[in-house]
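J.: Quick one, what's the 3D model for this:
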Amino acid sequence: MAEVLKKLPKVRSKWPTEAKLTKNTSFNIYDSGHLIGIIQLNAGTKVRIIEIKLQHAVVEISTGQSPLPVTNTDIIDRMGGAAAILALPDDPVPQSEQNAGPAEKSVTT
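T.: Predicted coordinates:
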């Protein structure tokens, strides 16, 4: 599972636009970056996927956005399962990220 979670951020073009919760989940509600409340969402609730990071999917419902564990959603199933995800080629790295590589070391002669 750890390898699948590492792979997900690298295959953004293959992410589904929405997912369903597979477990009852707490959803944090933020206002201007400050936590203002927590609601409970039931398994089966549809959420919109904004971003997938190493362990969490940032999802949106009508009250806002919040990170949730990927394993609390059906994202992996929607993408064909762990083996299918691991077989996907990584998305191309944008040119701006390619140019932002490590600084070159100066060589003294």
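J.: C-alpha from now on. contacts and neighbour counts both.
T.: OK.
J.: nearest spatial neighbour of the residue nearest the centre of the chain, skipping sequence neighbours?
T.: Relative to the mean C-alpha position of the chain, the nearest C-alpha, by C-alpha atoms, centre = their mean, is the one of Ile52, at 0.9 Å. Excluding the flanking residues, the one nearest Ile52 by C-alpha to C-alpha, 6 or more residues apart in numbering is Pro9, at 5.5 Å.
J.: where does Arg12 fall, phi/psi-wise?
T.: Per-residue torsions, Arg12: phi -50, psi -40 (degrees, to the nearest 10).
J.: Spell out the secondary structure type for the nearest residue to it once chain neighbours are set aside.
T.: Nearest-residue entry for Arg12: Asp91, 6.9 Å, with adjacent residues in sequence omitted and distances by C-alpha to C-alpha, 6+ apart. Recorded secondary structure, Asp91: coil (DSSP: H, G, I helix; E, B strand; the rest coil).
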